[in-house]
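[1] Have a look; sequence and predicted model below, questions after that.
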Protein chains: 2
Amino acid sequence: MLAERILKGDVRSASRLMRWIDDRDPGAIPELQALFSRTGRARIVGITGSPGTGKSTLTDTLIGAYRRQGKTVGVVAVDPTSPFTGGALLGDRIRMQDHATDPGVFIRSLATRGALGGLSRASSDVVRVLDAMGKDVILVETVGVGQDEVEIVATADVSVVVLVPGLGDEVQAQKAGIMEIADVFVVNKADREGAERVVAEIQSMLSMAAHDARRPEIVQTVAVRDEGIDALLLAIEAFRGRAEDAGLLQQRRRAQAQQLFLDTLQERLMQAVRARVLTPAESERTIARLAARELDPLGAAEDVVRRLLH
Amino acid sequence: MLAERILKGDVRSASRLMRWIDDRDPGAIPELQALFSRTGRARIVGITGSPGTGKSTLTDTLIGAYRRQGKTVGVVAVDPTSPFTGGALLGDRIRMQDHATDPGVFIRSLATRGALGGLSRASSDVVRVLDAMGKDVILVETVGVGQDEVEIVATADVSVVVLVPGLGDEVQAQKAGIMEIADVFVVNKADREGAERVVAEIQSMLSMAAHDARRPEIVQTVAVRDEGIDALLLAIEAFRGRAEDAGLLQQRRRAQAQQLFLDTLQERLMQAVRARVLTPAESERTIARLAARELDPLGAAEDVVRRLLH
């Protein structure tokens, strides 16, 4: 079993399981089950922002900073990119390979465009493998636009949203969906003109929404020159401390457990349906009748549930 | 029942049902069921692109063009934006209100950020209401980044991807995920410098992926001046014709019916689980034990399925 070897520190088994997860190979399921009791110890930090904000450089710099503290680091870099043009974004993944020879760092890219929610599910599964491997800190880096990315970041203890001066209002608008999930804001490339204006914009937005313990700090960084990274580490720790005191961290971990349980339950229910009621032929017939409007979806679903329960 | 009044042409009932859909009010379910047999006739056109590409103006211009052909038009404008900053993007929705007094046009914005897949589900439900209302053409406009948006566009018969010169490479990278869903490419703001380069980039990308009947046309437009819109209409019709001949359209409609059926089935299964096995108290207990790693998700799910089936 891969899980046993992973718990003994075998990196190749971990890579293999992560590939299974990315491929949605059902073989991953019992392995993840076997690892589950050994998870829940890592500190999980989500890092998100539009392309061009320097997220990857920032992640790279954070890896270095945590390593200097003696912590082991896992990284999940999520590229919601198609295989069609996927090569373009993979370039900056290569940057992180600076750490490739460091046994205290494990980096995994995910680019799956699977079914509904496939990417966020794969990401949280990979996080659990890294957690079971004993990594102290897990960084989950995503391009921060879209429902999937918001869900991925929601699996973190602390979410860092990276902004940058000079991307223009239209690009700023894209960040809208991720503003409210920020626990810490980073204004990266803070040596550029306009950094203070971005800080002011965030502050004015935050003043509209009072969050108390959840009120995010704003940190300015220049990741390419390693500037502001210590302040960022402090802000992440400070948020985590406040979140723990306020019960927010426990609440998030419960929400994560709930999501994982519901996802697993839905998969198992559908397996039971396919095994007992909806054979492939029957499924085909139902879909054809739906497409022809001879059946309606609710009626068809109720018929399946009735037959499943006798 | 709202459905009856909607089928008689009552616009206020349609608005009300769409609000229920957006609010995830369970009252919407029987109404949608009652409307289902009256759907499947409209032509559904998805329009997607990054912010700043002029999608809204293009949609606006398309409405006008279809109206001049005597066709009635429904529009679903999806803003994957948070309520936190949602106001910013709603501005350009107001533009479309030019058509607000035209009874042949019905426009609905959706901004829900519900649970997993909430937005794509709500969008396809609203499309079905517009379809049952008898709209000839339904335009589904989304910001084209992220899994949810890709799924929304996948519910269309024809998907139009809007690009624009001068947004820079980093922004172009964001479009990566939507390039392969394009049936028709629009290079809007084609009077700007660099339009030809964008066309060339698309052509070189397409040359890597031969699609035969699916090979997308590229149309240049200047939506603010109504230029190129007739060519766009022709390209949309031409694609639809080729897709129909090649069986692609039927295949898409089957895939849509399948997705709708599976979504509905999963909801009904979870209702049955909650009614028969997982009371709120029991659910709480399970999640607490999962969060404490006393249970694993698969074991917990299997226990629920076993009890559901006796």
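    It's in. These numbers were taken from a predicted model, which means no experiment stands behind them. Numbering: from 1, shown residues only, chains lettered A, B, ... in the order given.
[2] ok, A:A231 touching A:I218?
    No. With contacts counted by C-beta atoms under 8 Å, A:A231 stays clear of A:I218, the gap being 10.2 Å. In this view, the C-beta of every residue, glycine as well, is placed from N, C-alpha and C.
[3] quick one: which of these two has more around it?
    Counted by other C-beta atoms under 10 Å in any protein chain shown, A:A231 and A:I218 do not tie: A:I218 has more neighbours, with 17 against 14.
[4] wait, is the more buried one part of a strand?
    Yes. Assessed with DSSP: H, G, I helix; E, B strand; the rest coil, A:I218 lies in a strand.
[5] for the longest helix seen in chain A, packing partners?
    Looking across chain A with DSSP state H, the single longest helix is helix A:248-276. Contact partners of helix A:248-276 among helices and strands, from 3 or more C-beta pairs under 8 Å, 6 or more residues apart in numbering or on different chains; DSSP states H and E: helix A:118-132, helix A:147-154, helix A:229-245, helix A:297-308, helix B:248-276, helix B:280-291, helix B:297-308.
[6] And these, which one averages the lowest pLDDT?
    Comparing mean pLDDT across those, the weakest is helix A:147-154, with a mean of 69.
[7] Now do the helices in the stretch 51-200 of chain A.
    A:55-68, A:87-95, A:118-132, A:147-154, A:168-174, A:176-179, A:195-208 (DSSP state H, counting those that start in this stretch).
[8] who touches A:G194 in this structure?
    If you count contacts by C-beta atoms under 8 Å, 6 or more residues apart in numbering or on different chains, A:G194 has them with A:P165, A:G166.
[9] related to what we said a few turns ago, would you turn the helices and strands packed on helix A:248-276 into CSV with distance to A:T286?
    Shown next, in CSV, are the helices and strands packed on helix A:248-276 (distance: least, C-beta to C-beta, whole Å):
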stretch, distance to A:T286
helix A:118-132, 24
helix A:147-154, 28
helix A:229-245, 47
helix A:297-308, 5
helix B:248-276, 7
helix B:280-291, 30
helix B:297-308, 21
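[10] and A:R225, how many residues sit next to it?
    11.
[11] Just want the phi and psi numbers for the residue nearest to it when sequence neighbours are not counted.
    Distances taken as C-beta to C-beta, 6 or more residues apart in numbering or on different chains place A:D191 nearest to A:R225, at 7.9 Å, with adjacent residues excluded. Dihedral angles of A:D191 (phi, psi; degrees, to the nearest 10) stand at phi -80, psi -10.
[12] wait, A:D191 sits on A:V222?
    Yes. Counting by C-beta under 8 Å, A:V222 is a contact partner of A:D191 at 5.1 Å.
[13] how about low-confidence regions in chain A?
    A:79-98, A:111-117, A:144-150, A:168-179, A:208-213 (pLDDT under 70).
[14] Centroid-nearest residue for it?
    By C-alpha atoms, centre = their mean, chain A has its centre lying nearest to A:I152, at 2.9 Å.
[15] Do I have it right that that residue meets A:R121?
    No. In this structure A:I152 lies outside contact range of A:R121 using C-beta under 8 Å: 9.4 Å.
[16] before we move on, the earlier item: list the contacts for the residue nearest to A:R225?
    A:V222, A:R225, A:E227.
[17] Pull the number of nearby residues for A:S207.
    Considering only other C-beta under 10 Å, A:S207 is surrounded by 9 other residues.
[18] So in terms of bridging, what pairs with A:V184?
    A:V160, A:E217 (DSSP bridges).
[19] ok, it touching A:V158?
    Yes. The pair A:V184 and A:V158 qualifies as a contact (C-beta under 8 Å) at a distance of 6.6 Å.
[20] shared neighbours of those two, anything?
    With C-beta under 8 Å, 6+ apart, A:V184 and A:V158 have common neighbours A:I236, A:F239.
[21] quick one on the thing from earlier: identify the contacts common to A:A231 and A:I218.
    By C-beta under 8 Å, 6+ apart, no residue touches both A:A231 and A:I218.
[22] What's the separation between A:I202 and chain B?
    Distance of A:I202 to chain B, computed by C-beta to the nearest C-beta, to the nearest Å: 11 Å.
[23] Hmm, A:V187 and that residue touching each other?
    Yes. Between A:I202 and A:V187 there is a contact under C-beta under 8 Å: 7.5 Å.
[24] so what's in contact with these two at the same time?
    Common neighbours of A:I202 and A:V187 (C-beta under 8 Å, 6+ apart) are A:L163, A:I218.
[25] who's in contact with the helix or strand where A:P30 lies?
    Per DSSP states H and E: A:P30 is located in helix A:28-36. Under the criterion C-beta under 8 Å, 6+ apart, residues A:1-4, A:6-7, A:17, A:20-21, A:125, A:128-129, A:132, B:293, B:296-299 lie in contact with helix A:28-36.
[26] got the angle between that helix and helix A:118-132?
    Calculated by axes from the mean of the first three to the mean of the last three C-alpha atoms, to 10 degrees, helix A:28-36 forms an angle of 40 degrees with helix A:118-132.
[27] between helix A:28-36 and helix B:297-308, how many degrees?
    Per the same axes, to 10 degrees, the angle that helix A:28-36 makes with helix B:297-308 is 110 degrees.
[28] Pull out the buried residues from helix A:28-36.
    A:A28, A:I29, A:E31, A:L32, A:Q33, A:A34, A:L35, A:F36 (16 or more other C-beta atoms under 10 Å in any protein chain shown).
[29] And for stretch A:284-297?
    A:T286, A:I287, A:L290, A:A291, A:L295, A:D296, A:P297.
[30] returning to that earlier point: quick check, nearest of the buried residues of helix A:28-36 to B:R240?
    A:A28 (40.3 Å; C-beta to C-beta).
[31] That closest one and A:A122: what is the separation?
    To A:A122, A:A28 is 9 Å away according to C-beta to C-beta, to the nearest Å.
[32] any residues in contact with both of these two?
    A:I21.
[33] who touches A:V129 in this structure?
    Contacts of A:V129 by C-beta under 8 Å, 6+ apart are A:I6, A:A14, A:L17, A:M18, A:I21, A:L32, A:L35.
[34] Name the helix or strand for the fourth one, please.
    Meaning A:M18. Per DSSP H and E: helix A:11-22 holds A:M18.
[35] Which elements pack onto that helix?
    Using 3+ C-beta pairs under 8 Å, 6+ apart, helix A:11-22 sits against helix A:2-7, helix A:28-36, strand A:105-110, helix A:118-132.
[36] Deepest in the core, which of the ones you listed is it.
    helix A:118-132 (a mean of 24; mean count of other C-beta atoms under 10 Å in any protein chain shown).
[37] Mind listing what's buried along stretch A:40-52?
    A:G40, A:A42, A:R43, A:I44, A:V45, A:G46, A:I47, A:T48, A:G49, A:S50, A:P51, A:G52.
[38] Just give the closest residue to A:R268, not the sequence neighbours.
    A:R268's closest residue in space is B:A301 (C-beta to C-beta, 6+ apart), at 4.4 Å.
[39] Correct me if wrong: that neighbour contacts A:Q271.
    No. Applying C-beta under 8 Å as the test, B:A301 and A:Q271 come out as separate, 9.8 Å apart.
[40] and the two? which has more neighbours close in?
    B:A301 (24 against 14).
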